[in-house]
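Undergrad: Structural data only, the sequence is not supplied:
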């Protein structure tokens with residue numbers, strides 16, 4: 001059983017690492033907004049001395065009490081090796097006064113190349129060589145750390161707003177079971193979510209795509225949801241899914257797993273997977289778990305303020321759904 005009171009007394013330390021250009025700076029800024037003191041590119045040898053400081057204010061309004069801290073330590077950092085970072089994080093985790101989480105921010109190579117081309121920035125490890133060489137070197141240098149991360153984030157198909165929202169949900173401190181659940185819908189045609197722990201295929205259900213009236217809509221629309229849930233096997237499938245997942249979550253919690261990502265896929269990531277992911281996210285929330293629902297491949301439309309938001313096609317008299 002998790003000692004919630006003891007856990008809340010521990011100082012939160014988030015170590016952010018990953019690939020340059022994948023979004024580490026965005027993660028650090030999101031954590032700063034959550035009240036963490038942030039330090040970018042801190043040398044590994046200074047982590048211990050930095051955390052031992054007790055006589056300076058860290059979070060405005062909290063006096064000299066040390067608050068939560070977020071650090072980026074990656075391939076740019078002086079003296080970085082995967083072994084050195086692993087040893088430093090292991091030492092932090094051995095301190096009973098600290099609650100240590102490591103976040104690995106990843107992105108596929110093609111997308112990283114696109115980002116560097118668009119920004120015309122030089123890769124920090126490439127020096128006078130092509131960006132692609134820097135990516136290969138960094139992957140070899142930082143990649144081994146990935147398997148030790150508490151939270152793995154693949155930003156290949158995320159916007160900055162998606163990433164900030166995801167980090168805010170995943171790393172916010174709240175009461176209730178400690179494991180944080182992310183349910184994501186996706187399209188098999190665009191590949192599996194690399195961060196997924198569990199993947200379920202709902203392509204066996206009747207597809208609203210073949211109904212001309214429902215095709216332009218998404219699974220957030222009540223009419224699409226009703227059509228999917230009317231499938232003769234929907235109830236049995238969903239009941240079986242929750243019956244299987246129900247006993248797993250307390251076990252993950254007891255074993256100290258902080259984050260669980262469940263991916264629900266259909267052909268286009270627009271109808272069936274969106275409905276099932278939404279229903280499953282609500283079920284987890286009703287069960288007391290901190291839950292985020294992400295629709296990775298659902299079409300985006302412009303909201304009232306111009307911000308892209310998931311929903312139905314623009315210039316439509318169809319309600320946009322939730």
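TA: Everything's here; your move. None of these values were measured; they are calculated from a predicted model.
Undergrad: What helix or strand is the residue at the greatest distance from the centre of the chain located in?
TA: Distance from the centre of the chain peaks at residue 212, with 34.4 Å (CA atoms, centre = their mean). Using DSSP states H and E, residue 212 maps to neither a helix nor a strand.
Undergrad: Then residue 278?
TA: With DSSP H and E as the test, residue 278 turns up in helix 272-286.
Undergrad: Mind listing what's buried along that helix?
TA: By neighbour count with 16 or more other CB atoms under 10 Å, helix 272-286 contains the buried residues 272-281, 283-285. C-beta coordinates here come from the backbone N, C-alpha and C atoms, glycine included.
Undergrad: what would those look like in JSON lines with pLDDT and distance to residue 167?
TA: Below are those laid out as JSON lines (pLDDT from 0 to 100; distance: CB to CB, whole Å):
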{"residue": "272", "pLDDT": "96", "distance to residue 167": "28"}
{"residue": "273", "pLDDT": "96", "distance to residue 167": "23"}
{"residue": "274", "pLDDT": "96", "distance to residue 167": "22"}
{"residue": "275", "pLDDT": "97", "distance to residue 167": "26"}
{"residue": "276", "pLDDT": "97", "distance to residue 167": "25"}
{"residue": "277", "pLDDT": "96", "distance to residue 167": "19"}
{"residue": "278", "pLDDT": "96", "distance to residue 167": "21"}
{"residue": "279", "pLDDT": "96", "distance to residue 167": "25"}
{"residue": "280", "pLDDT": "96", "distance to residue 167": "21"}
{"residue": "281", "pLDDT": "95", "distance to residue 167": "18"}
{"residue": "283", "pLDDT": "95", "distance to residue 167": "23"}
{"residue": "284", "pLDDT": "93", "distance to residue 167": "19"}
{"residue": "285", "pLDDT": "91", "distance to residue 167": "19"}
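Undergrad: Nearest to residue 204 among these?
TA: Closest to residue 204 out of those is residue 272 (9.1 Å), distances taken as CB to CB.
Undergrad: Just grab the bridge partners of the residue lying closest to the closest one once chain neighbours are set aside for me.
TA: Leaving out its chain neighbours, the residue that sits closest to residue 272 by CB to CB, 6 or more residues apart in numbering is residue 266, at 4.0 Å. As for beta bridges, residue 266 partners with residue 187 under DSSP bridges.
Undergrad: In contact with residue 266, which residues are there?
TA: Taking CB atoms under 8 Å, 6 or more residues apart in numbering as the contact definition, residue 266 lies against 185, 187, 188, 201, 202, 203, 205, 207, 272, 273.
Undergrad: For this protein, just list every one of the strands.
TA: 11-18, 37-40, 69-72, 98-106, 151-154, 180-187, 198-201, 259-266, 290-295, 300-302, 308-310 (DSSP state E).
Undergrad: still on that earlier bit, could I get the buried residues of helix 272-286 as a markdown table with distance to residue 150?
TA: Output for the buried residues of helix 272-286, formatted as a markdown table (distance: CB to CB, whole Å):
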| residue | distance to residue 150 |
| --- | --- |
| 272 | 31 |
| 273 | 26 |
| 274 | 28 |
| 275 | 30 |
| 276 | 27 |
| 277 | 23 |
| 278 | 26 |
| 279 | 27 |
| 280 | 22 |
| 281 | 21 |
| 283 | 24 |
| 284 | 19 |
| 285 | 22 |
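Undergrad: So for the closest residue to residue 290 other than its chain neighbours, what pLDDT did the model give?
TA: In space, and not counting its chain neighbours, residue 290 is closest to residue 180: 4.7 Å by CB to CB, 6+ apart. Listed pLDDT for residue 180 reads 82.
Undergrad: Kindly report the same for residue 200.
TA: 97.
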